[in-house]
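Asker: Sequence and predicted structure, then a few things I'm wondering about:
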Amino acid sequence: MQPDPGADPIIYFDNAATSWPKPAEMIEAMIGGSPGRSGHHRSLDAGRIILETREALAELFGSNDSLRIAFTKNATEALNIALPGILHSGDHVITSGMEHNSVMRPLRFLETQGVQISVVSCSGDGRLNPEDVLAAIRPQTRLLVVTHASNVTGTIQPIAELGQIVRDHGFLFCVDAAQTAGALPIHVDEMAIDLLAFSGHKSLFGPQGTGGLYIREGIEKHLQPLMMGGTGSRSEFEVQPDFMPDKYESGTPNTIGLAGLGAGVRFVLAEGVEAIRSKEEGLTERFLKGLASLKGITVYGPPDAASRTAVVSFNVAGVSPSEASLELDERFGILCRPGLHCAPAAHRTIGTFSRGTIRFGFGYFNNDEEISFALEAIQSLAGGSTEQ
Amino acid sequence: MEQQKYIVFLFPSVSHTLKAEKILKEQGIAHKLIPVPRHIGSDCGVCLRVTADRQDAAESALQGRVNWEEMVFL
């Protein structure tokens, strides 16, 4: 499989934000018409494209019913259905100290509405200890929401273990899989995941503006939708349908985007998540080893590539993250992301608030040569600084 | 010649209908998507039509995989 041939001579290490390049078949899938919701054959073709995307995602996530997946414009929207939809005044929610603002901002809002929040501290490399989650459980606990892997350090949380705890105690488990859908194996049943929010434009190789929420059977009865409106079903009634996926899919869908997402997910299924993971882990390991041999570099998160996604946050002594990223871009053509990455809690945990970090997010289309080149570039940045 | 008898399956949504269509296609059971006839529903959606002799095969193919709301003789 070849990436889109329109690629510029750059080194793209911002895959944790949006993957690039995309598989050529993803671009091809988005070319073509997408009429709206009617019974005529062109409209049904659009519906079939969306169904195929749903089916591919269900296969990827180990769900036997594709209709359990509702599409949204991104993982943030999915989390904004899940969190305010489940949590009400008097409820208690547990989360981790490594969350993105897509989790923390809805939770902080809900806190003003009477929801009790426990933010369980993580270790310095971002790991959440299941024992600490156990200790935080109260009679009013309604939900555990955690990121599958940190967007700052890549730290992978013990999702299956956490899921078992939640199941044993009879509350709900919401996983933010923005960083991991397509990059790590996810099985909603084996991991006891009740709500899975995912992003389409990262490791699923879809376009921006796509994402979704898997909702375990029965939960939709108690989960308010974020938006209501036309669904092309039950049109004679003026109340929102109460079934999946229509309850959460009001208005004309992003058919063109979902066509692209479907092609992206099929690409992932064809390559295999294990193969993708193996390649990305190899790149990450090579980079971590290379960084360890450089002076003046601080690396955050777990020391081994196996405990993280293909995300590495680091700092160069004497150079601010924003200066470093500008240098990397202008002098070396290396595109990455500096700063706080919309996750102040995670930066507090790893001790980089408010300085931030330089974040490299590798992807399936990166290669060893790019890693070696980047290490030389970083060495040159570090060489120009006073070691601390 | 005796007039062909049909059964239509009515589903909660287009997503359900298209999922059912995919299942019947995979199983090689002849079918057709048609707009919901006005006399059996006021919805603006589509339903799945099979000939009466394929009713059992269609039912067992869909059972447990996609829920239908009604099965109506045309």
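Answerer: That came through, no problem. Numbers count the residues shown, from 1 in each chain, chains lettered A, B, ... in the order given.
Asker: make it CA atoms for all contacts and neighbour counts henceforth
Answerer: Fine.
Asker: Flag the shaky bits of the chain, pLDDT-wise.
Answerer: Since no chain was named, I'll use chain A. A:1-8, A:32-38, A:384-388 (pLDDT under 70).
Asker: try chain B instead
Answerer: Using pLDDT under 70, chain B drops low at B:1-2, B:42-44.
Asker: Quick one: residues contacting whatever residue of chain B ends up closest to chain A.
Answerer: Chain B approaches chain A most closely through B:Ser13 (5.1 Å), counting by C-alpha to the nearest C-alpha. Contact analysis of B:Ser13 by C-alpha atoms under 8 Å, 6 or more residues apart in numbering or on different chains lists A:232-234, A:246, B:45.
Asker: Now residue 40. Its backbone dihedrals?
Answerer: This is for chain A. Torsion angles at A:His40 (phi, psi; degrees, to the nearest 10) stand at phi -70, psi 160.
Asker: I was after chain B.
Answerer: B:Ile40 adopts backbone torsions of phi -110, psi -10, taken as degrees, to the nearest 10.
Asker: and the contacts of B:Ser13 as a markdown table, adding secondary structure, distance to A:Ala275 and neighbour count?
Answerer: Below are the contacts of B:Ser13 laid out as a markdown table (DSSP: H, G, I helix; E, B strand; the rest coil; distance: C-alpha to C-alpha, whole Å; neighbours: other C-alpha atoms under 10 Å in any protein chain shown):
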| residue | secondary structure | distance to A:Ala275 | neighbour count |
| --- | --- | --- | --- |
| A:Gly232 | coil | 39 | 23 |
| A:Ser233 | coil | 40 | 21 |
| A:Arg234 | coil | 43 | 19 |
| A:Asp246 | helix | 34 | 27 |
| B:Gly45 | coil | 41 | 24 |
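Asker: right, and out of those residues, which lies closest to A:His169?
Answerer: A:Asp246 (30.1 Å; C-alpha to C-alpha).
Asker: List the residues that contact that closest one.
Answerer: A:70, A:231, A:233, B:13.
Asker: again, but for A:Pro302
Answerer: A:125-126, A:153, A:155, A:308.
Asker: which one is the closest residue to chain B within chain A nearest to, not counting chain neighbours?
Answerer: The nearest approach of chain A to chain B comes at A:Ser233, 5.1 Å away (C-alpha to the nearest C-alpha). Closest residue to A:Ser233 in three dimensions, ignoring its sequence neighbours and counting by C-alpha to C-alpha, 6 or more residues apart in numbering or on different chains: B:Ser13, at 5.1 Å.
Asker: burial of A:Pro185, as a residue count?
Answerer: Residue neighbour count, defined by other C-alpha atoms under 10 Å in any protein chain shown, stands at 15 for A:Pro185.
Asker: so it touches A:Gly272, yeah?
Answerer: No - taking contacts as C-alpha atoms under 8 Å, A:Pro185 lies outside contact range of A:Gly272: 9.5 Å.
Asker: So which of the contacts of A:Pro302 belong to helices?
Answerer: Among the contacts of A:Pro302, no member is found in helices (DSSP state H).
Asker: Heading C-terminal from whichever strand or helix holds A:Ile49, find the next helix or strand.
Answerer: Using DSSP states H and E, A:Ile49 maps to helix A:41-61. Scanning forward in sequence from helix A:41-61 by DSSP H and E, the next helix or strand is strand A:69-72.
Asker: Chain A: strands as residue ranges?
Answerer: In chain order, chain A shows strands spanning A:11-12, A:69-72, A:92-96, A:116-120, A:141-147, A:172-176, A:195-199, A:211-215, A:297-299, A:311-316, A:334-335, A:337-339, A:357-361, with DSSP state E as the criterion.
Asker: Next: chain B.
Answerer: Counting by DSSP E, chain B has strands at residues B:6-10, B:32-35, B:46-51, B:70-73.
Asker: Just send the ones you listed back as CSV, with mean neighbour count and distance to chain A too.
Answerer: Below are the strands of chain B laid out as CSV (neighbours: other C-alpha atoms under 10 Å in any protein chain shown; distance: least, C-alpha to the nearest C-alpha, whole Å):
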stretch, mean neighbour count, distance to chain A
strand B:6-10, 21, 11
strand B:32-35, 16, 6
strand B:46-51, 23, 6
strand B:70-73, 13, 14
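Asker: And the helix holding A:Ile49, what does it pack against?
Answerer: helix A:255-271, helix B:14-27 (3 or more C-alpha pairs under 8 Å, 6 or more residues apart in numbering or on different chains; DSSP states H and E).
Asker: For the last one, list every residue counted as buried.
Answerer: For helix B:14-27, burial by neighbour count (16 or more other C-alpha atoms under 10 Å in any protein chain shown) applies to B:14-21, B:23-24.
Asker: can you list the residues of chain B near chain A?
Answerer: Neighbours of chain A within chain B, by C-alpha under 8 Å from any C-alpha of the partner chain: B:12-16, B:18-19, B:34-35, B:42-46, B:65.
Asker: what bridges to A:Val119?
Answerer: A:Thr95 (DSSP bridges).
Asker: Neighbours of A:Asn80, how many?
Answerer: Residue neighbour count, defined by other C-alpha under 10 Å, stands at 19 for A:Asn80.
Asker: what's near enough to touch it?
Answerer: Applying C-alpha under 8 Å, 6+ apart to A:Asn80 gives the contacts A:102, A:106, A:226.
Asker: burial of the last one, as a residue count?
Answerer: Going back to what we said before, that points to A:Leu226. 16.
Asker: Hmm, it is touching A:Leu83, no?
Answerer: No - in this structure, A:Leu226 is not within contact of A:Leu83 by C-alpha under 8 Å, at 10.2 Å.
Asker: Give the burial count for B:Gln63, as a bare number.
Answerer: 11.
Asker: roughly how far apart are it and A:Leu60?
Answerer: Applying C-alpha to C-alpha, to the nearest Å, the value for B:Gln63 to A:Leu60 is 23 Å.
Asker: and what of A:Val312?
Answerer: According to C-alpha to C-alpha, A:Val312 stands 25 Å off from A:Leu60.
Asker: Point out the residues in chain A that sit beside chain B.
Answerer: Proximity of chain A to chain B, by C-alpha under 8 Å from any C-alpha, involves residues A:38-39, A:47-48, A:51, A:65, A:67, A:232-236, A:243, A:245-246.
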